[in-house]
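Enquirer: fold the following.
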Amino acid sequence: FSWPGSWYLRDFTKVIYIDTRVPSSDELSNTMVVIVGDSNNPKIEPLMRDNYQKFTYKRMWWPYQNMYWDLNATKINDWLSLEDTLSSQRRRAWFDIWWARDYSGYEQVIFDPNSRFNHQLQLETWPVSDTMYVYIRKDIIAQVWLYGVGEGSPLSEFTQLQVNVCNENFVQRQAISVFQSQVQPLSRPIGLAVDRNGRIYVAEEQEQVSQITIFEPNGDIASVYGQYGPSSIAGPFFVRPNSVAIAPSGVIYVADTWNYRIRAFDAQFNQLNMWGQPITLGENAPVEPFDGFWGPRDVKVDNNGLVYVADTGNRRIRVYTPDGIWVRDIGRSGLGDGQLREPAGIALHPDGRIFIADTWNKRIAVFNTNGTFIKNFDVRGWYDDFGNRPYIALDASRDLLYVSDPDASRILMYDTQGNCIGSFGSPVQEGLPNLSQFGVIGGLATDNLGNLYVSDMSYGRVLKFTPFERPGVIPQLDLNNPPLIVEITPEVIEMTAETTPERITPLDETTAEATPQVIEMTAETTPDN
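Expert: Numbering: from 1, shown residues only. You can find the predicted model right below:
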C-alpha cells in the first residue's frame with residue numbers, strides 16, 4: 001500500500017512500493033517484510049504462505065472524524081453550555097476520548113439508543129479503518145523468537161523454509177480460444193458446461209441479466225436463453241444462476257441460485273421440471289424439506305443420471321434422481337472429516353469419487369457416491385473471502401483436478417490423490433488482460449478431450465486451454481463418455497499411427513491390428529457410439 005505507507009515508512013531506506021501489481025520472485029527473494037492492504041492481499045498471499053508468517057492488523061483513523069466535521073461556533077456553544085445536562089455528558093465523553101481513547105460515553109451521547117449502529121466504535125468495527133496484513137520471512141522471525149525451553153538453542157519452527165509446489169511448479173499457459181461477444185457481452189459469466197458436440201454453456205449471474213448463453217465450438221453464439229424472473233414462473237427465469245450441467249440424457253440442469261431452485265430443461269430450454277425452496281438455517285438445517293436450499297452454487301450429473309447439488313449455505317451436498325426425488329445428503333456442517341463449511345464446486349469422477357470444494361475449511365473433500373467419506377487434502381489458496389466461490393473441474397483421463405483460486409486469478413492443478421502439480425494464470429497488471437491473465441475467476445469445465453474452459457467474471461469472457469500434459473501420464477479414455485470427433489461409416493478407417501502399439505486401446509466392437517505404420521479398424525458401430 002503506497003499511501004499512507006510512504007509516510008509511515010519514511011525513515012526506512014530499503015522500501016519498494018509495488019502498487020497493485022504482483023511482485024516478482026526476484027523482488028521477493030531478498031524481502032524481509034511485506035505489508036499489503038485488504039484489497040490486494042488475495043494476489044499476494046499465495047506467494048507468501050509457506051515462507052512468511054502472517055500478522056493481521058487494523059489501521060485506524062483516529063480520532064473519529066465525524067466528531068469535528070461541520071463544526072461551527074453554534075455547535076461549540078451548545079457543547080460548552082453549563083445549563084444543558086446533555087452538554088455535560090458530551091464534555092465527559094470528550095475527556096474520556098482524550099484521556100483514555102474510550103468512546104463508550106461518546107457513543108451513548110451521539111447515537112440513538114435504538115440504533116443498530118451503536119457499539120461500532122470498537123477496534124473490530126471501527127468505521128474508518130483498513131485491514132492490513134504484515135508478512136515477515138520465517139528465517140528472520142527465527143532470529144527473534146527461538147521457541148524452546150531449557151539449555152541450548154533449539155531450532156525455531158520457523159527456521160526451515162518450505163517449498164510450495166503449487167508456486168514452485170508455476171507454468172506459463174496461454175488460452176487457445178476466447179469466447180465472448182462485443183454485440184452481446186457476457187455479464188459476470190460463472191458456471192460452465194460443455195456438451196459432447198463441443199458447445200459451451202455459460203451461466204451469467206448478473207442479476208438483471210440472469211441467463212444461459214451457448215457458444216458453438218468456433219466461438220459463434222448459438223443461442224441465449226433466460227431472463228431475470230422469480231421462482232414462481234415456469235420456464236427459463238432465473239435470479240443469478242451460478243451453474244449449469246448436462247446429463248447423459250441431454251437434459252440441462254441449472255442451479256437457479258437465488259431462486260433457491262434447480263430447473264431442468266430440454267435442448268430448446270423448455271422446462272421439464274423444477275424443485276427447491278428457501279431453507280436458510282446453515283449448520284442447523286434439517287433433512288426435511290428434501291428440496292430445501294440456501295444459495296445452491298453448483299450442480300453436476302453423474303453417468304447414472306443422479307443430480308448433485310451444492311447446498312452451499314446449508315453446508316451439504318444434496319443428491320436427487322433425474323426427476324428431483326431426494327436420494328441422500330453428503331456431508332454435514334463442521335471442521336472434521338466428512339464435514340463441510342460452505343461447499344461450492346463439485347467434480348464427479350467416473351469411478352464414483354466425488355470431489356467438493358470445501359471453501360471455508362480450505363480443502364478438497366472426497367467422498368464415495370454413497371456418501372462415505374474418503375479423504376481431505378488442503379488447498380493452497382482461497383485466502384480471502386470476497387464472496388467469490390471456488391469451482392473445480394476434473395480431467396479423469398489425465399488424473400488431473402483443476403481448482404480455481406478466484407481472487408488470486410490463478411488455477412491450481414492437483415492429482416486426484418491431493419498432490420499439487422503446479423499452477424498457472426496471473427492477475428491483470430494494467431489495461432486489458434492477455435491470454436494468460438484473469439480477473440476474478442468464475443467456473444471451470446473440461447470437455448471429453450481434456451480441454452479446460454475458464455470463465456473470467458471481471459472481463460466477461462470464457463478462455464479455452466489445451467489439456468495439461470503430465471510427463472509419463474498416458475491419458476485414459478473414459479468409455480462412458482467417448483469424445484465425439486468424427487462420423488464413423490461402417491466400412492474401414494485407415495489411420496497412420498505415430499505411436500507404439502502399447503498406446504492403442506481397442507474399443508468394444510472394434511478390431512484393431514496395431515502396427516507402427518497403419519491401423520485398420522473395422523467399424524461395427526454407429527456414429528453415436
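
Enquirer: do a quick rundown of the helices in this structure.
Expert: 5-8, 25-29, 41-48, 73-80, 85-100, 104-110, 138-144, 165-168 (DSSP state H).

Enquirer: and the longest one, what's buried?
Expert: In other words, helix 85-100. For helix 85-100, burial by neighbour count (16 or more other Cβ atoms under 10 Å) applies to 87, 90-91, 93-94, 97. Where C-beta positions appear, they are placed from N, C-alpha and C, glycine not excepted.

Enquirer: redo these as JSON lines? Include pLDDT and distance to residue 245.
Expert: Formatted as JSON lines, the buried residues of helix 85-100 follow (pLDDT from 0 to 100; distance: Cβ to Cβ, whole Å):
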{"residue": "87", "pLDDT": "81", "distance to residue 245": "66"}
{"residue": "90", "pLDDT": "81", "distance to residue 245": "61"}
{"residue": "91", "pLDDT": "84", "distance to residue 245": "65"}
{"residue": "93", "pLDDT": "84", "distance to residue 245": "58"}
{"residue": "94", "pLDDT": "82", "distance to residue 245": "61"}
{"residue": "97", "pLDDT": "82", "distance to residue 245": "57"}
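
Enquirer: and these, which is closest to residue 105?
Expert: residue 93 (3.8 Å; Cβ to Cβ).

Enquirer: residues contacting that closest one?
Expert: By Cβ atoms under 8 Å, 6 or more residues apart in numbering, the residues touching residue 93 are 103, 105-106, 108-110.

Enquirer: out of the helices of the chain, which comes closest to residue 277?
Expert: Closest to residue 277 of the helices of the chain, according to Cβ to Cβ: helix 41-48, at 34.1 Å.

Enquirer: same for the closest one, what does it pack against?
Expert: With contacts defined as 3 or more Cβ pairs under 8 Å, 6 or more residues apart in numbering; DSSP states H and E, helix 41-48 has these neighbours: strand 33-37, strand 129-137, helix 165-168.

Enquirer: for the nearest residue to residue 263 once chain neighbours are set aside, what are its contacts?
Expert: Spatially, and ignoring its direct neighbours in sequence, residue 263 is nearest to residue 274 (4.4 Å; Cβ to Cβ, 6 or more residues apart in numbering). For residue 274, the contact set (Cβ under 8 Å, 6+ apart) comprises 231, 234, 256, 261-264, 324.

Enquirer: JSON lines please, covering those and showing neighbour count.
Expert: Conversion of the contacts of residue 274 to JSON lines gives the following (neighbours: other Cβ atoms under 10 Å):
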{"residue": "231", "neighbour count": "18"}
{"residue": "234", "neighbour count": "12"}
{"residue": "256", "neighbour count": "29"}
{"residue": "261", "neighbour count": "23"}
{"residue": "262", "neighbour count": "25"}
{"residue": "263", "neighbour count": "28"}
{"residue": "264", "neighbour count": "21"}
{"residue": "324", "neighbour count": "18"}
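
Enquirer: what about residue 18, distance to residue 438?
Expert: Distance of residue 18 to residue 438, given as Cβ to Cβ, to the nearest Å: 19 Å.

Enquirer: circling back: would you turn the helices and strands packed on helix 41-48 into JSON lines with distance to residue 450?
Expert: Output for the helices and strands packed on helix 41-48, formatted as JSON lines (distance: least, Cβ to Cβ, whole Å):
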{"stretch": "strand 33-37", "distance to residue 450": "36"}
{"stretch": "strand 129-137", "distance to residue 450": "37"}
{"stretch": "helix 165-168", "distance to residue 450": "20"}
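
Enquirer: how about the ones you listed in TSV, adding mean neighbour count, distance to residue 60 and mean pLDDT?
Expert: Output for the helices and strands packed on helix 41-48, formatted as TSV (neighbours: other Cβ atoms under 10 Å; distance: least, Cβ to Cβ, whole Å; pLDDT from 0 to 100):
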stretch	mean neighbour count	distance to residue 60	mean pLDDT
strand 33-37	18	14	90
strand 129-137	18	5	87
helix 165-168	18	33	84
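
Enquirer: out of the contacts of residue 93, who's nearest residue 178?
Expert: Among the contacts of residue 93, residue 103 lies closest to residue 178 (Cβ to Cβ), at 52.3 Å.

Enquirer: can I assume the closest one is in contact with residue 109?
Expert: No: contact between residue 103 and residue 109 fails when scored by Cβ atoms under 8 Å: they sit 10.2 Å apart.

Enquirer: rewinding a little: would you write a PyMOL line that selects the buried entries of the contacts of residue 93?
Expert: To isolate the buried subset of the contacts of residue 93 in PyMOL, counting by 16+ other Cβ under 10 Å, use the following:
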select buried, resi 103+105+106+110
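
Enquirer: quick one: which of the contacts of residue 93 is nearest to residue 432?
Expert: Relative to residue 432, the closest of those is residue 103; by Cβ to Cβ it sits at 45.8 Å.

Enquirer: name the nearest residue to the residue nearest the centre of the chain, ignoring sequence neighbours.
Expert: Closest residue to the average C-alpha location of the chain: residue 390 at 1.9 Å, with Cα atoms, centre = their mean. Leaving aside its chain neighbours, residue 390 sits nearest to residue 357 (4.4 Å; criterion: Cβ to Cβ, 6+ apart).

Enquirer: please apply the same query to residue 424.
Expert: Residue 424 sits nearest to residue 173 (Cβ to Cβ, 6+ apart), 4.3 Å away.

Enquirer: which regions of this structure sit below the pLDDT cut-off?
Expert: Applying pLDDT under 70 to the chain flags residues 20, 25-26, 62-69, 111-120, 123-124, 145-163, 477-529.

Enquirer: show me what contacts the residue lying farthest from the centre of it?
Expert: Going by Cα atoms, centre = their mean, the residue of the chain most distant from its centre is residue 83, 60.2 Å out. The contact partners of residue 83, by Cβ under 8 Å, 6+ apart, come to none.

Enquirer: likewise residue 287?
Expert: Listed by Cβ under 8 Å, 6+ apart, the contact set of residue 287 reads residue 329.

Enquirer: against residue 279, how distant is it?
Expert: Distance from residue 287 to residue 279, by Cβ to Cβ: 10 Å.

Enquirer: with residue 19 instead?
Expert: 45 Å.

Enquirer: out of these two, which sits in the more crowded spot?
Expert: residue 279 (18 against 9; other Cβ atoms under 10 Å).

Enquirer: which one is the more buried one nearest to, not counting chain neighbours?
Expert: Spatial nearest neighbour of residue 279, excluding adjacent residues (Cβ to Cβ, 6+ apart): residue 292 at 3.0 Å.

Enquirer: who does the one you found form a beta bridge with?
Expert: residue 277 (DSSP bridges).

Enquirer: likewise for residue 299?
Expert: Listed beta-bridge partners, residue 299: residue 309 (assigned using DSSP bridges).

Enquirer: tell me how far it lies from residue 266.
Expert: To residue 266, residue 299 is 16 Å away according to Cβ to Cβ.

Enquirer: and the two? which has more neighbours close in?
Expert: With neighbours defined as other Cβ under 10 Å, residue 299 and residue 266 compare such that residue 299 has more, 28 against 12.
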